[in-house]
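S.K.: Sequence first, predicted coordinates after that:
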Amino acid sequence: MGLFKKLVSDAVGEGIGKGIQNAVGKAVESAVRPAADKLAGQAANQLNQASQDMAANAAEAQDAAARAAADTASVNASYAAAPAAPGAGAASLGAALSGWAASVQNMAGQVAQTMKECPNCGEYSTADHKFCPKCGAKLPEQTVGAGYLCPNCGKQNVPGTTFCAECGTRLPAAEQAAAAQAAKWDALLPQYPKWNLGGIASLEESGSVNGAPAVRLRIEGAGRMQLAQYVEQLKAAGFVPYGGADSDVYYKTVGGVCRAFDKTDALSNGSLNLSFFVGDFDKRAAEKDRTDAALGAAKDTAKAAADAAKGLFKKFF
């Protein structure tokens, strides 16, 4: 018996022995001893295994640190190797960083093949799950990675990619996202021309205006030209500017409800940001027309009175 096992065994045996020695004597203590030995053996084995695991983990961590240090030293050496050739070190560093980036992207693609995304809450879970562990919604059959597997050349692309990096084919995930946005537009904005001018569009509800939900459209990859084209589509659909031809707000009454479009802050943060909401611009415009008409009538009356006064003045003087 090893030293550790003997110490544990003696401690257990002694503790039990003192409690029962006066009652049953040494015979019972002898019967308990094998159990104490077994307990000591188990404890020693667990301790040894834990020590081995800790040693293995420490060795692995040391190896990883050594590899990282070697990589860093290699990059630094490459960067400083040729001071007489401007840009050579930077090129070596760039090549190393590009290699690391490619490795990370490859890893991301591999991980995406084993994960599913919940369509309800956006939580990720492993491919073996059928229902979301966070909200309980049914998960899709396909993994995230399946949406970025090129149907043309078979390349596994990085999640978030729209077109295949190998052959340029539009990826299934991008097609699915576009279809989802189209369905969302039909549900939220059926009264407006649908955006079909390129870029990556996403719709989101942003509070309420005049008691009705407001919707914001964000488009990546579109600018002033596409915005001008969309305004023309609005005009063709019967939307009119409020307060002048250069207005940022366009409106149209549909089914007794004034639908409004606002491009005031359209060009910001490198993307287009457009707002759609229920407004009261038709009422404002009608009030403005009535006010303008009343002012016009008052001006006409004042002019007529002035002309009449001039006539009388000439007649008597």
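M.R.: Alright, I've got the coordinates. Residues are numbered from 1 along each chain as shown.
S.K.: how close does the nearest residue to Thr114 once chain neighbours are set aside get to Lys155?
M.R.: Nearest non-adjacent residue to Thr114, counting by C-beta to C-beta, 6 or more residues apart in numbering: Ala127, 5.2 Å away. All C-beta atoms are positioned from the backbone trio N, CA, C, and that covers glycine. As for Ala127, its distance to Lys155 is 20 Å (criterion: C-beta to C-beta, to the nearest Å).
S.K.: can you give me the mean pLDDT across stretch 144-153?
M.R.: What stretch 144-153 shows for mean pLDDT is 89.
S.K.: For that stretch, measure first residue to last.
M.R.: Stretch 144-153 has its terminal residues 18 Å apart, counting by C-alpha to C-alpha, to the nearest Å.
S.K.: which residue ranges form the strands in the stretch 51-200 of the chain?
M.R.: 115-117, 124-126, 200-209 (DSSP state E, counting those that start in this stretch).
S.K.: Go through those and pick out the most buried.
M.R.: Among these, strand 115-117 has the highest mean neighbour count (mean count of other C-beta atoms under 10 Å), at a mean of 19.
S.K.: Give me the residues contacting it.
M.R.: Strand 115-117 is contacted by residues 123-127, 129, 139-140, 142-145 when judged by C-beta atoms under 8 Å, 6 or more residues apart in numbering.
S.K.: Dump those residues to JSON lines, plus distance to Pro159.
M.R.: As requested, these are exported to JSON lines (distance: C-beta to C-beta, whole Å):
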{"residue": "Glu123", "distance to Pro159": "15"}
{"residue": "Tyr124", "distance to Pro159": "10"}
{"residue": "Ser125", "distance to Pro159": "15"}
{"residue": "Thr126", "distance to Pro159": "15"}
{"residue": "Ala127", "distance to Pro159": "14"}
{"residue": "His129", "distance to Pro159": "18"}
{"residue": "Leu139", "distance to Pro159": "16"}
{"residue": "Pro140", "distance to Pro159": "14"}
{"residue": "Gln142", "distance to Pro159": "13"}
{"residue": "Thr143", "distance to Pro159": "10"}
{"residue": "Val144", "distance to Pro159": "6"}
{"residue": "Gly145", "distance to Pro159": "7"}
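S.K.: From those, pick the one nearest Trp185.
M.R.: Pro140 (21.7 Å; C-beta to C-beta).
S.K.: circling back to that earlier point, touching, the residue nearest to Thr114 and Pro140? I think so.
M.R.: No. Here Ala127 lies out of contact with Pro140, judged by C-beta atoms under 8 Å, at a distance of 10.3 Å.
S.K.: So for Ala102, what pLDDT did the model give?
M.R.: On the pLDDT scale, Ala102 gets 56.
S.K.: before we move on, what about the one 3 residues further on?
M.R.: Note on Gln105: pLDDT of 56.
S.K.: which residues of this structure score low on pLDDT?
M.R.: 1-112, 282-298, 302, 304-317 (pLDDT under 70).
S.K.: May I see the domains of it written out as residue ranges?
M.R.: Using automatic domain parsing, the domain parsing of the chain gives 1-50, 106-188, 189-279.
S.K.: Output these in a markdown table; the columns should cover distance to Thr301.
M.R.: As requested, the domains of the chain are exported to a markdown table (distance: least, C-beta to C-beta, whole Å):
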| stretch | distance to Thr301 |
| --- | --- |
| domain 1-50 | 102 |
| domain 106-188 | 49 |
| domain 189-279 | 27 |
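S.K.: before we move on, the earlier item: got TSV for the strands of the stretch 51-200 of the chain, with distance to Arg218 too?
M.R.: Shown next, in TSV, are these (distance: least, C-beta to C-beta, whole Å):
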stretch	distance to Arg218
strand 115-117	20
strand 124-126	23
strand 200-209	5
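S.K.: These: which one's closest to Gly270?
M.R.: Among the strands of the stretch 51-200 of the chain, strand 200-209 sits nearest to Gly270 (C-beta to C-beta), with 12.3 Å.
S.K.: Show me what that closest one packs onto, helices and strands only.
M.R.: helix 172-188, strand 212-220, strand 271-278 (3 or more C-beta pairs under 8 Å, 6 or more residues apart in numbering; DSSP states H and E).
S.K.: buried sites along the first one?
M.R.: Spelled out, it's helix 172-188. 173-174, 177, 181, 184-185, 188 (16 or more other C-beta atoms under 10 Å).
S.K.: CA atoms only: put that helix into PDB for me.
M.R.: Output of helix 172-188 as PDB, limited to C-alpha atoms (Å, rounded to 0.1, in the frame of the first residue of the first chain):
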ATOM      1  CA  PRO A 172     -28.900  30.000 -51.000                       C
ATOM      2  CA  ALA A 173     -28.900  32.000 -47.700                       C
ATOM      3  CA  ALA A 174     -29.000  35.300 -49.700                       C
ATOM      4  CA  GLU A 175     -31.900  34.000 -51.700                       C
ATOM      5  CA  GLN A 176     -33.700  32.900 -48.600                       C
ATOM      6  CA  ALA A 177     -33.100  36.300 -46.900                       C
ATOM      7  CA  ALA A 178     -34.400  38.200 -50.000                       C
ATOM      8  CA  ALA A 179     -37.500  36.000 -50.100                       C
ATOM      9  CA  ALA A 180     -38.100  36.600 -46.300                       C
ATOM     10  CA  GLN A 181     -37.700  40.400 -46.800                       C
ATOM     11  CA  ALA A 182     -40.100  40.300 -49.700                       C
ATOM     12  CA  ALA A 183     -42.700  38.500 -47.600                       C
ATOM     13  CA  LYS A 184     -42.100  41.000 -44.800                       C
ATOM     14  CA  TRP A 185     -42.600  43.900 -47.100                       C
ATOM     15  CA  ASP A 186     -45.900  42.400 -48.300                       C
ATOM     16  CA  ALA A 187     -47.000  42.100 -44.700                       C
ATOM     17  CA  LEU A 188     -45.900  45.600 -43.500                       C
END
